[in-house]
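Novice: Let's see this in three dimensions:
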Amino acid sequence: MAATPPKPAAATPRRKVSRHRGEGQWAVGHFTPLNGNEQVKKDDDGLNVRTRIETIYSKRGFDSIDPSDLRGRMRWWGLYTQRKQGIDGGKTAVLEPEELDDSYFMLRVRVDGGALTTAQLRVIGEISQEFARGTADITDRQNVQYHWIRIEDVPEIWNRLEAVGLSTVTACGDTPRVMIGSPVAGIAEDEIIDGTPALEEMKRRVLNNPAYSNLPRKFKTAISGSPVLDVVHEINDVAFVGVEHPEHGPGFDLWVGGGLSTNPKLGVRLGAWVPIEDVPDVYEGVISIFRDYGYRRLRNRARLKFLVADWGSEKFRQVLEDEYLQRKLTDGPAPADPTSRWRDHIGVHRQKDGRYYVGFAPRVGRVDGTTLTKVADLAEAHGSGRVRTTVEQKMIILDVEQGQVDSLVESLEALDLTARPSTFRRGTMACTGIEFCKLAIVETKARGASLIDELERRLPEFDEPLTINLNGCPNACARIQTADIGLKGQLVLDDRGEQVEGYQVHLGGALGLEPGFGRKVRGLKVTAEELPDYVERVLKRYQAEREDGERFATWAARASEEALS
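Specialist: This is a model prediction of the structure:
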């Protein structure tokens, strides 16, 4: 009998090979739009929407605006729809955009380097009074933001701003945003190098330039030659930080890939020293890498920080040198530790020309058009024609003669703009919050102002440098992760089990000296009503437990969870 043939062996299951979709990088041939935002940008350059605003929308009104322009391209000219009044934070994530939209706009005026003439500041104040119901907040990127802007008024506002050399171009959108710079560039006695000429050339090359008007996401820039490290360089897409090279003299250390939001990353040094005359070329190279290699498939991974994290600093520098600069960069030193624990330039300081500058503190960046007009008048009355904004939501008047300083300081105090603020007035910032922002969940500006008042009353002797940053949502516009006390707005349950406004707490973040992100204590959330009690309690524990000279951030890193609760 013939032997039964053996059964064939079971076939090994074939592994399904999935083809990688790519990240939407133009430089590797991925030109097909992979999401709605990319399609909108491909359909029409955001810069082109200005013509439609001037010729159609401003004449026919809000209802005539095409949705792709309304929630997309109008950002290229600094316009966002603001939050409809009366919508509570619980509805932020569940309503459709058209349900959240008011028929009014936030309009952002870019103030590159924080530099303003008194004539420009006066025009900003006048526009605020005439078209923005008095609003004119100073942001932590040195801009000015209006609210309550009607589309019908936008062309006239542009005309007035541009008549004095100001603009709203690419103040928002997937574009090169405002370029922040040292507010005392060119005047500070201790300055390593003045970055102003480079900043002006960078602006000339990229603003209103279609070659850079379609980036994967926003692109943030900083440059400063100040030894106090006054432009939060660690959280920008590209930053140039003043350093002294032992052989070549003053120049800039190059950083890339910083950013916060829901996935924060500190920028990394490329180890390159850049002379001031080469800064614009290097800047253009970095922004071009972002345009060409940046991830466009998923919008939440489209910032430069994700590309830098995947490539690493060595590859990024190699691509920059080989593909974009066609030359090698010079190795250079890292920045020294900051010379001050405050980087806001508050108070009276001598300039290198013998005159003085005076830095003063509005409350959480909240000012109004009338006040700004009065600041312009005060500056001129005391011999100055120049003012500055800072990345801490503060302001500075430059070029004051010694004999005018005391009078100016007293006049500012009368406007509640103090040059001698408490730690709490000086160190507290807040984003726009639920008052106007469609992404916000809680109130921030009024809450921050009232917190300042309470802490000044409860802890009048507290004088340690301290930052308290309030944010209305997780997106970190107010830099919550890098504050001593960072407060991320969310809805929480109170003692009665009811949902109320509150904050998740981040403790011990820092920039400049030992930069890092704040610590989160598991389950630590504070209601808005409890906030003053909580901050008072934590600061008293810090005072009781700290070692000599110990910063709050250092103490918070080692303190027990019980001490931080």
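Novice: Can you get me a residue count around residue 334?
Specialist: Using other C-beta atoms under 10 Å, residue 334 is surrounded by 11 other residues. Every C-beta, even on glycine, is put in place using the N, C-alpha and C of the backbone.
Novice: Next, the contact list for it, please.
Specialist: 243, 253, 269 (C-beta atoms under 8 Å, 6 or more residues apart in numbering).
Novice: try 7 Å
Specialist: 253, 269 (C-beta atoms under 7 Å, 6 or more residues apart in numbering).
Novice: Can I take it that it is in a strand?
Specialist: No. Counting by DSSP: H, G, I helix; E, B strand; the rest coil, residue 334 falls outside a strand, being coil.
Novice: Give the bridge partners for the residue nearest to residue 400 when sequence neighbours are not counted, please.
Specialist: Once flanking residues are discounted, residue 400 sits nearest to residue 356: 4.8 Å by C-beta to C-beta, 6 or more residues apart in numbering. On DSSP bridges, the residues paired with residue 356 through beta bridges are residue 350, residue 400.
Novice: Quick check: residue 27 touching residue 292?
Specialist: Yes. The criterion here is C-beta atoms under 7 Å, and residue 27 meets it with residue 292 at 4.0 Å.
Novice: neighbour-wise, which of the two wins?
Specialist: Per other C-beta under 10 Å, whichever of residue 27 and residue 292 has more neighbours is residue 292, with 16 against 13.
Novice: who touches the host helix or strand of the more buried one?
Specialist: Element membership for residue 292, per DSSP states H and E: helix 279-293. If you take C-beta under 7 Å, 6+ apart as the criterion, helix 279-293 is touched by 25-27, 176, 198, 201-202, 205-206, 212, 215-216, 219, 237-238, 240, 252, 254, 256, 274, 304, 307, 319-320, 324-325.
Novice: Now which of the residues you listed would you call buried?
Specialist: Taking 16 or more other C-beta atoms under 10 Å as the criterion, what is buried in the contacts of helix 279-293 is 25, 176, 198, 201-202, 205-206, 212, 215-216, 219, 237-238, 240, 252, 254, 256, 274, 304, 307, 319-320, 324-325.
Novice: any chance you could map the helices in the stretch 201-350 of the chain?
Specialist: 279-293, 304-311, 313-319 (DSSP state H, counting those that start in this stretch).
Novice: Quick one: the ones you listed as JSON lines, columns for mean pLDDT and distance to residue 468 too.
Specialist: Formatted as JSON lines, those follow (pLDDT from 0 to 100; distance: least, C-beta to C-beta, whole Å):
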{"stretch": "helix 279-293", "mean pLDDT": "98", "distance to residue 468": "33"}
{"stretch": "helix 304-311", "mean pLDDT": "98", "distance to residue 468": "25"}
{"stretch": "helix 313-319", "mean pLDDT": "98", "distance to residue 468": "33"}
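Novice: Reformat those helices as TSV; add distance to residue 365.
Specialist: As requested, those are exported to TSV (distance: least, C-beta to C-beta, whole Å):
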stretch	distance to residue 365
helix 279-293	27
helix 304-311	25
helix 313-319	34
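Novice: between those, which one is nearest to residue 564?
Specialist: Set against residue 564 and scored by C-beta to C-beta, the helices of the stretch 201-350 of the chain come closest in helix 304-311, at 28.1 Å.
Novice: Please put the alpha-carbon coordinates of the closest one into PDB.
Specialist: Taking C-alpha atoms only, helix 304-311 is exported to PDB below (Å, rounded to 0.1, in the frame of the first residue of the first chain):
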ATOM      1  CA  LEU A 304       9.600  72.700  13.800                       C
ATOM      2  CA  LYS A 305      10.300  71.200  17.300                       C
ATOM      3  CA  PHE A 306       9.100  67.800  16.000                       C
ATOM      4  CA  LEU A 307      11.500  67.800  13.100                       C
ATOM      5  CA  VAL A 308      14.400  68.900  15.300                       C
ATOM      6  CA  ALA A 309      13.500  66.100  17.800                       C
ATOM      7  CA  ASP A 310      13.500  63.500  15.100                       C
ATOM      8  CA  TRP A 311      16.600  64.700  13.300                       C
END
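Novice: Just want the angle from it to helix 279-293.
Specialist: Helix 304-311 runs at 80 degrees relative to helix 279-293, counting by axes from the mean of the first three to the mean of the last three C-alpha atoms, to 10 degrees.
Novice: any residues touching helix 304-311, and which ones?
Specialist: The contact list for helix 304-311 (C-beta under 7 Å, 6+ apart) reads 219, 237, 256-259, 265, 268, 290, 293-295, 316.
Novice: switch the cut-off to 6 Å
Specialist: 237, 256, 257, 259, 265, 290, 293, 294, 295, 316 (C-beta atoms under 6 Å, 6 or more residues apart in numbering).
Novice: didn't the fourth one look like it was pressed against residue 303?
Specialist: When you say that, I think you mean residue 259. Yes. Between residue 259 and residue 303 there is a contact at 5.2 Å, judged by C-beta atoms under 6 Å.
Novice: pLDDT averaged over stretch 235-247 - what is it?
Specialist: Averaging pLDDT along stretch 235-247 gives 98.
Novice: Thought residue 211 was touching residue 47, still the case?
Specialist: No. Applying C-beta under 6 Å as the test, residue 47 and residue 211 come out as separate, 11.0 Å apart.
Novice: So which of the two has more stuff around it?
Specialist: Using other C-beta under 10 Å as the criterion, residue 47 and residue 211 rank with residue 47 on top: 20 against 11.
Novice: where does the more buried one land in three-state SS?
Specialist: helix.
Novice: Skipping adjacent residues, who's closest to it in space?
Specialist: residue 213 (5.1 Å).
Novice: so what's that neighbour scoring on pLDDT?
Specialist: pLDDT at residue 213 comes out at 98.
Novice: same question, the one 4 residues further on
Specialist: What the model reports for residue 217 is a pLDDT of 98.
Novice: Neighbours of it, how many?
Specialist: The local packing of residue 217 (other C-beta under 10 Å) involves 23 other residues.
Novice: who's in contact with the nearest residue to it once chain neighbours are set aside?
Specialist: Counting by C-beta to C-beta, 6+ apart, residue 217 lies nearest to residue 302, which is 4.1 Å off, once chain neighbours are set aside. The contact partners of residue 302, taken as C-beta under 6 Å, 6+ apart, are 216, 217, 295.
Novice: Mind checking the pLDDT average for stretch 36-50?
Specialist: Here the average pLDDT along stretch 36-50 is 97.
Novice: ok so, going back, tell me which of the helices of the stretch 201-350 of the chain sits nearest to residue 504.
Specialist: For those, proximity to residue 504 was assessed by C-beta to C-beta; helix 304-311 is nearest, at 21.9 Å.
Novice: For the contacts of helix 304-311, I'd like a selection string for PyMOL - just the buried members, please.
Specialist: The PyMOL selection below is limited to those of those classed as buried (16+ other C-beta under 10 Å):
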select buried, resi 237+256+257+259+265+290+293+294+295+316
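Novice: could you dump the contacts of helix 304-311 to a markdown table with distance to residue 387?
Specialist: Shown next, in a markdown table, are those (distance: C-beta to C-beta, whole Å):
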| residue | distance to residue 387 |
| --- | --- |
| 237 | 27 |
| 256 | 31 |
| 257 | 32 |
| 259 | 29 |
| 265 | 33 |
| 290 | 32 |
| 293 | 39 |
| 294 | 35 |
| 295 | 39 |
| 316 | 37 |
